[in-house]
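Undergrad: Can you look at this prediction? I've put the sequence above it.
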Amino acid sequence: MEHSYLIIFAILIGCLASTVPVFLALFFTGTIGLVYGVGIDPQIVIEVLYRSMDKFALVVVMFFILCGNIMTKGSIVKKLINVANVLVGFLPGGLAMAGVLACGFFGAISGSTVATVVAIGGFMIPALLENNYDEQFSVGIMTTAPILGVIIPPSIAMILYAMVSNDQLEALFLTGFIPGIMIMLAMSLYAYLVCKKAGMKRRERPSLDKAATVLKESCWALFLPILIFGGIYSGLFTANEAAVVACFYAFFVELFIHKDMKFGDIKITVVSSAITSATLLIIVAGASVFGEYLTFEQIPGKIATIVVENISSPIVFLLSVNVLLLIIGMFMDIISATLILTPIFLPLLEKFGINTMHFGLLMTINLGIGYCTPPLGVSLYISGAIVNKNLLYVSRAVMPFILIQIAILLLLTFCPDIVLFLPRLIYG
């Protein structure tokens with residue numbers, strides 16, 4: 001049927017706009033497109049589902065989810081926050097800056113924005129309010145800083161992007177370090193200026209003895225990101241193996257050293273992680289069926305032709321994509337968006353001569369910002385529940401910080417060398 005893909009896309013948008021779960025919307029529309037639009041045997045759908053699960057990269061995602069849950073259940077998160085407090089807590093706006101820094105620490109282990117909002121935001125927002133920080137400022141900074149969870153490696157979104165684009169995962173991880181640090185510095189500087197202008201009372205600078213004590217107590221927690229990245233980039237183990245090593249290390253530390261986790265908690269943590277992983281896997285499966293339909297209909301190639309005919313500049317293309325992804329990020333979770341959109345954009349990158357890793361980082365930041373962008377950003381609702389405020393209140397609170405993140409996004413769009421500096425330095 002000619003132009004049947006228009007009907008399929010209309011059905012998909014209708015499903016996503018309603019209460020139909022994302023994975024069902026993708027699976028349902030993909031299956032209809034393959035069977036009735038393309039006219040292939042329905043058995044192909046079963047084969048696509050099997051192939052979508054038969055990918056070793058998904059093991060990394062599941063183990064990093066487990067690692068994040070172990071840290072949240074135990075005391076690693078609290079110890080990371082204590083370290084951040086010692087480092088910057090005595091500055092004007094220091095506690096807020098410590099929250100941003102803690103999001104960076106946690107993001108370097110968990111790979112998830114939602115996990116970072118729950119673990120760090122749930123602890124830091126009440127702490128900021130207890131220390132007389134403005135409520136709207138506190139909600140805003142701790143709703144948006146968790147974007148570091150998907151930018152600073154390991155990132156679940158980057159793992160899925162690499163799975164589709166076939167980029168080297170270790171090299172793709174490296175693209176997130178400098179942008180993540182830039183966002184941390186920019187948000188911390190804003191917190192410093194706002195709190196200094198408001199005349200916030202500064203906390204007492206910790207003594208050397210106290211700082212040494214906190215660092216000593218937190219050394220096992222701080223060693224976890226060193227273990228992950230040191231192992232990967234020294235060649236001791238792969239990214240897949242790093243995720244497994246991180247889980248065993250976190251379990252060992254929480255059970256036998258910190259002793260803040262009991263053997264009975266292991267079952268609860270593993271089951272919780274399995275549920276989260278299953279949610280992710282069914283989205284991957286649904287997106288794969290829809291992706292197969294796009295391939296049969298040659299939709300990516302058709303879109304590439306239309307775009308190339310109307311846009312001649314790579315910069316104009318990237319700016320247009322930034323706007324599109326920011327809008328999509330408001331309505332769709334980063335996992336679904338990455339799996340659906342990456343196959344569509346890849347042919348365009350080749351035509352415009354855009355580095356796939358540069359684009360992957362831009363895509364990750366764009367969709368990460370979507371987590372805290374009205375009206376459907378998941379982080380907005382989590383933070384709103386913490387302080388018992390409505391969506392409008394939280395939306396106003398996050399706007400200054402979203403503007404900061406968009407400004408850095410634009411800088412990275414125009415300056416790909418910033419993003420690609422570390423991959424080129426290490427891998428040439």
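TA: All right, it came through fine.
Undergrad: use CA for all of it now, contacts and neighbours both
TA: OK.
Undergrad: Now the residue sitting nearest the centre point of the chain: which helix or strand?
TA: The residue lying closest to the centre of the chain (CA atoms, centre = their mean) is Val150, at 2.4 Å. Using DSSP states H and E, Val150 maps to helix 148-151.
Undergrad: What are the contacting residues of that helix?
TA: Residues from elsewhere that reach helix 148-151 (CA atoms under 8 Å, 6 or more residues apart in numbering): 103-104, 106-108, 110-113, 115-116, 155-158, 176-177, 179-180, 183-184, 361, 364-365, 368.
Undergrad: tell me the mean pLDDT for stretch 362-372?
TA: Confidence for stretch 362-372, expressed as mean pLDDT, is 89.
Undergrad: next one: stretch 275-294
TA: The model assigns stretch 275-294 a mean pLDDT of 79.
Undergrad: roughly how far out does it sit from the chain middle?
TA: Distance of stretch 275-294 from the chain centroid (CA atoms, centre = their mean, to the nearest Å) equals 17 Å.
Undergrad: same check, this time on stretch 394-407
TA: 17 Å.
Undergrad: mind listing what's buried in it?
TA: By neighbour count on 16 or more other CA atoms under 10 Å, the buried set for stretch 394-407 is Val394, Ser395, Ala397, Val398, Met399, Phe401, Ile402, Gln405, Ile406.
Undergrad: residues of the helix ranked longest in the chain that come out buried?
TA: Looking across the chain with DSSP state H, the single longest helix is helix 263-297. Of all the residues in helix 263-297, those buried under the rule 16+ other CA under 10 Å are 269-270, 273-274, 277, 280-294, 297.
Undergrad: what helices or strands is it leaning on?
TA: The contact analysis (3 or more CA pairs under 8 Å, 6 or more residues apart in numbering; DSSP states H and E) places helix 263-297 against helix 22-32, helix 43-53, helix 57-73, helix 334-352.
Undergrad: hmm, back to that, so which of the buried residues of stretch 394-407 comes closest to Leu189?
TA: Phe401 (11.2 Å; CA to CA).
Undergrad: And that closest one, which helix or strand is it part of?
TA: Assigned by DSSP H and E, Phe401 falls in helix 391-414.
Undergrad: For that helix, which outside residues touch it?
TA: Contacts of helix 391-414 (CA under 8 Å, 6+ apart): 136-137, 139-141, 143-144, 179, 182-183, 186-187, 315, 318-319, 362, 365-366, 369, 372-375, 380-381, 383-384, 418-419.
Undergrad: separation between the residue nearest to the centre of the chain and Val378?
TA: Relative to Val378, Val150 is positioned 14 Å away (CA to CA, to the nearest Å).
Undergrad: Then Ile402?
TA: In terms of CA to CA, Ile402 sits 14 Å off from Val378.
Undergrad: What angle do helix 391-414 and the helix or strand where Tyr190 lies make with each other?
TA: Using DSSP H and E, Tyr190 sits in helix 177-197. Counting by axes from the mean of the first three to the mean of the last three CA atoms, to 10 degrees, helix 177-197 lies at 130 degrees to helix 391-414.
Undergrad: for Glu254, what are its contacts?
TA: Contacts of Glu254 by CA under 8 Å, 6+ apart are Ile70, Met71, Gly74, Ser75, Ile76, Asp260, Met261.
Undergrad: Just the C-alphas of the helix holding Tyr190, formatted as CSV.
TA: The C-alpha trace of helix 177-197 is given here as CSV (Å, rounded to 0.1, in the frame of the first residue of the first chain):
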residue,chain,number,x,y,z
PHE,A,177,33.8,13.4,30.5
ILE,A,178,34.6,17.0,29.4
PRO,A,179,30.9,18.0,28.7
GLY,A,180,29.9,16.5,32.1
ILE,A,181,32.6,18.5,33.9
MET,A,182,31.6,21.6,32.0
ILE,A,183,28.0,21.3,33.1
MET,A,184,29.1,20.6,36.7
LEU,A,185,31.3,23.8,36.7
ALA,A,186,28.6,26.0,35.0
MET,A,187,25.9,24.9,37.5
SER,A,188,28.2,25.2,40.5
LEU,A,189,29.2,28.7,39.3
TYR,A,190,25.6,29.7,39.0
ALA,A,191,24.9,28.4,42.5
TYR,A,192,27.9,30.3,43.9
LEU,A,193,26.8,33.6,42.3
VAL,A,194,23.1,33.3,43.3
CYS,A,195,23.9,32.3,46.9
LYS,A,196,26.6,35.0,47.3
LYS,A,197,24.2,37.6,46.0
